[in-house]
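1. coordinates only, sequence not included:
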């Protein structure tokens, strides 16, 4: 127990040191950007992490589900004129339903097959969803601009945009809620049980089909939440679906499986690479995906369990 | 993150063992199909020639993937990287006036070395990680070519056509691809009978047991990977001089991940790890693909996606194994074809259901 | 039976002073914090059959994994015929002549029984062509009684046959040292007898055998010596008779309270009964 506390303290000190160091070298603005981006990326990765950790499925459709969430938010905002946070909620509910259906109808049929089968299936779903979105809405980039978009507070010489800060808080909140849900509620515990030993869980009366569907639905709705965040801060288009799937993968590989907070660690680490790697000589900007992959391959080779990975989701 | 117990880490192939005489049948049929395809130029249609050239190209890609993905059980998602390397090598050497054939040899050599260098770290990974890592390599290469303006702005290539009448060159490229397809077929057949083939199948089925039996698994895996790289790179090199214009990533690019997935889907549909599977899958899918691009261009993407979904749910073992399983009779018992078929249908439906919850 | 092999057969059971076939030297293996094997040392003499028993979870399979090379020790050294193999990969050890079976018998599903054995002969057995390997496979199948089932596919075999296939595959390597990991678990008494006969036959042809089991009766039938492991440590070693009447062994299998009660009564007949009960496979066995 004491060991764990010490570990967390050390991690905290290291983290603070990095923040201060980077502030001094490149300026506080970049550190702010990094931290806020890291929280957003936590939201991007946490749904993916849940699906992978519990069902051992790499959901290649995560990116297109995220973009679907963006469209749902956009629609709720421009057609229903709802408050942006409610729009996000709409997106989460819509994605929950979509996720449930996908799992129940398609993925549940191949869940005991060798992994390549599920891999290809989710890839096919990704292709399907992204292309249908493109057919319906074209590949044009859209964004939601809110009156709040340009407001922020200034500390030192850096600016913290209100919007990004709120998003970051929401992302942290969702991650925490997921953790609580999994460990404190009966349904959450059922999900964890299925993740540890599905046959034993089944023998104890837990319905695998529904639990899987629920897990995927939650993962999808979290993707929807991330999509909502994307819609209000940056821009989105079906073209981005592959990019966000890749990002989710890297984030989870970096952080590890085992707890929703790993997505935060991974998100922070990945955001760090994205914000600061362009400063390395010869890299420059525009190599987002390349950086992501290099980071990924390095992690897989050097630390395949991720930074705080655990053998079972808990 | 090794969570699965040994029995859970199943591989692509888990159906019946092939009859040792079966390879002769498969080889013969394969030769027959290639011979038939060889007659296409006689039709005199440029569209048909183009279609079947693409089909031949995909046969090469799918069969090459089969070496590492089907036989060894390591599904590489980034083989398009070798294709792109071949294409860009040719583009660069042609822009510098180096003879084409020499360039092809260079393309193969570079791809092989690349496969070796990448394979050494990446083949230590398993399952999802290996797949994504290889995918990553391909994507990164594509992005690299585009952002560093390799061969042209944003990696876009425009080459001068070969100094021959275009009709003749189209026919030449057609036969070049077909010849390469024949070579990959020969390699596949050799593989099923050779020492290396046994090693690869053993690695696929049970890598730990394979090691315990004295197989140096690491080296065989790397060899299979390099073996799959060579014909793929050659295909890329042929593609470059044939199409004369291409880009790095994006739709139809030399590093387009869709090419990777398509070649896997083809091998999958036909039957990964079989002799004829990739060829069959390539013909069916590429034909459908070209047809839908012309008939319903907008639906091309979603159709491919839907096809993948359906194949993975209902045909995870591929067509060849489906046919084999439908017509199998239990050991030593002689049954009529109808009984075999009926039993086969039941067995197959049970197998598909066993993949589910 | 003389085969075209580059490796000579192992010699007769050695006189003392000969290099042990296998030596574990202060081997420790930790998984996370827990030691599965804890400072274990023992030797196996050439040509003998060593039985390794212990309650479930005692670390017996880990020992096989360590010797076979699938698991690397946290500390300690392993020597095979005097040669340090601690750093060698599993396939290198197989090439030296160490063959092992796996607890969960998983034949190569894409191949039939005959071809499964061919794989072993081709690689560990160091043969060049398929036809040579096929001949060795035929002999091995004959010996293990699987000749009639040579063309069956892996998933068409019974549990007993799968275990025999594991052994056949290992034998195709022409091993000097054979490690058997619970080959008799899940077998009927008749099948156990068959397995015992097969193992004795293999041992008599000059192969050193290490048998890990948790069925007492099976061990008695094959072993020259028995090693008892509990919580990763050696708690007894000797002939089957010696080991079965060792109070520490009884305590490990039947529980502390029972052993203490028996000790308290301190009657020779009572101790005899314990050994017999243990032999019949009752208690925590």
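-> Great, that's in hand. All values derive from a computational prediction rather than experimental measurement.
2. where do the helices sit along the chain?
-> I'll assume chain A. With helices called from DSSP state H, chain A shows them at A:2-26, A:28-55, A:62-78, A:84-105, A:115-137, A:162-184, A:186-196, A:198-203, A:208-233, A:241-255, A:260-276, A:288-302.
3. should've been chain B
-> B:22-37, B:46-65, B:80-95, B:100-122, B:127-147, B:166-193, B:195-205, B:207-212, B:217-243, B:257-270, B:277-295, B:300-314, B:319-326, B:337-354.
4. what's the burial count for residue B:168?
-> 10 (other C-beta atoms under 10 Å in any protein chain shown). (Glycine included, C-beta is placed from N, CA and C.)
5. picking up where we left off before, would you single out the least confident of the helices of chain A?
-> For the helices of chain A, mean pLDDT drops lowest on helix A:288-302, to a mean of 77.
6. spell out which residues of the stretch 1-150 of chain C are next to chain B.
-> Contacts of the stretch 1-150 of chain C with chain B, taken as C-beta under 8 Å from any C-beta of the partner chain, map to C:68-70, C:89-91, C:94-95, C:99-100, C:102, C:104, C:106-112, C:115, C:118-120, C:122-126, C:128, C:130.
7. keep only those of the residues you listed that are in strands.
-> The strands, defined by DSSP state E, take in C:99-100 from those.
8. which among the residues of the stretch 1-150 of chain C next to chain B end up buried?
-> C:68-70, C:89-91, C:94-95, C:99-100, C:102, C:106-112, C:115, C:118-120, C:122-125, C:130 (16 or more other C-beta atoms under 10 Å in any protein chain shown).
9. in space, what's closest to residue A:236 - neighbours in sequence excluded?
-> residue A:70 (4.0 Å; C-beta to C-beta, 6 or more residues apart in numbering or on different chains).
10. again, but for residue B:183
-> Excluding the flanking residues, the one nearest residue B:183 by C-beta to C-beta, 6+ apart is residue B:231, at 6.7 Å.
11. do the same with residue A:268
-> Per C-beta to C-beta, 6+ apart, closest to residue A:268 is residue A:38, 3.7 Å.
12. can you list the weak-confidence ranges in the stretch 251-357 of chain B?
-> Residues of the stretch 251-357 of chain B meeting the criterion pLDDT under 70: B:251, B:329-333.
13. dump the residue contacts of residue B:305.
-> Contacts of residue B:305 were listed using C-beta atoms under 8 Å, 6 or more residues apart in numbering or on different chains, and they are A:124-131.
14. for chain C, state which of the residues you listed is nearest.
-> Top of the list for closeness to chain C, among these and by C-beta to the nearest C-beta, is residue A:124 at 25.7 Å.
15. isn't the closest one up against residue B:303?
-> No - applying C-beta atoms under 8 Å as the test, residue A:124 and residue B:303 come out as separate, 10.6 Å apart.
16. those two: who's more crowded?
-> Using other C-beta under 10 Å, the more surrounded residue of residue A:124 and residue B:303 is residue A:124, with 25 against 18.
17. look up the closest residue to the more buried one, ignoring the ones flanking it.
-> What sits nearest to residue A:124 in space, not counting adjacent residues and going by C-beta to C-beta, 6+ apart, is residue B:308, at 2.8 Å.
18. show the contacting residues for that neighbour.
-> Taking C-beta under 8 Å, 6+ apart, one finds A:120-121, A:123-124, A:127-128, B:261, B:265 in contact with residue B:308.
19. same question for residue A:37.
-> Taking C-beta under 8 Å, 6+ apart, we find residue A:37 in contact with A:267, A:271, A:274-275.
20. closest to chain C out of those residues?
-> Using C-beta to the nearest C-beta, the contacts of residue A:37 come closest to chain C at residue A:267, 27.3 Å.
21. neighbours of the closest one, just the number please.
-> Applying other C-beta under 10 Å, we find 29 residues neighbouring residue A:267.
22. repeat for residue A:79
-> 8.
23. pLDDT at it, what is it?
-> Listed pLDDT for residue A:79 reads 87.
24. so residue C:237, which state does it fall into?
-> Put simply, residue C:237 is strand when judged by DSSP: H, G, I helix; E, B strand; the rest coil.
25. can I assume residue C:78 sits in a strand?
-> Yes - judged by three-state DSSP, residue C:78 forms part of a strand.
26. contacting residues for the residue nearest to it when sequence neighbours are not counted?
-> Among residues not flanking residue C:78 along the chain, residue C:86 sits closest, at 5.1 Å (C-beta to C-beta, 6+ apart). Contact partners of residue C:86, counting by C-beta under 8 Å, 6+ apart, are C:72-73, C:76-78.
27. in a markdown table: those residues, plus pLDDT.
-> Formatted as a markdown table, the contacts of residue C:86 follow (pLDDT from 0 to 100):
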| residue | pLDDT |
| --- | --- |
| C:72 | 89 |
| C:73 | 90 |
| C:76 | 91 |
| C:77 | 92 |
| C:78 | 93 |
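28. tell me which two in those residues are the farthest apart.
-> Within these, two members stand farthest from each other by C-beta to C-beta: C:72 and C:77, at 11.6 Å.
29. more neighbours, these two?
-> Between residue C:72 and residue C:77, counted using other C-beta under 10 Å, the more crowded position is residue C:77 (15 against 11).
30. quick one, grab the pLDDT at the closest residue to the more buried one other than its chain neighbours.
-> Excluding its sequence neighbours, the residue lying closest to residue C:77 (C-beta to C-beta, 6+ apart) is residue C:25, at 4.4 Å. Residue C:25 is assigned 89 on the pLDDT scale.
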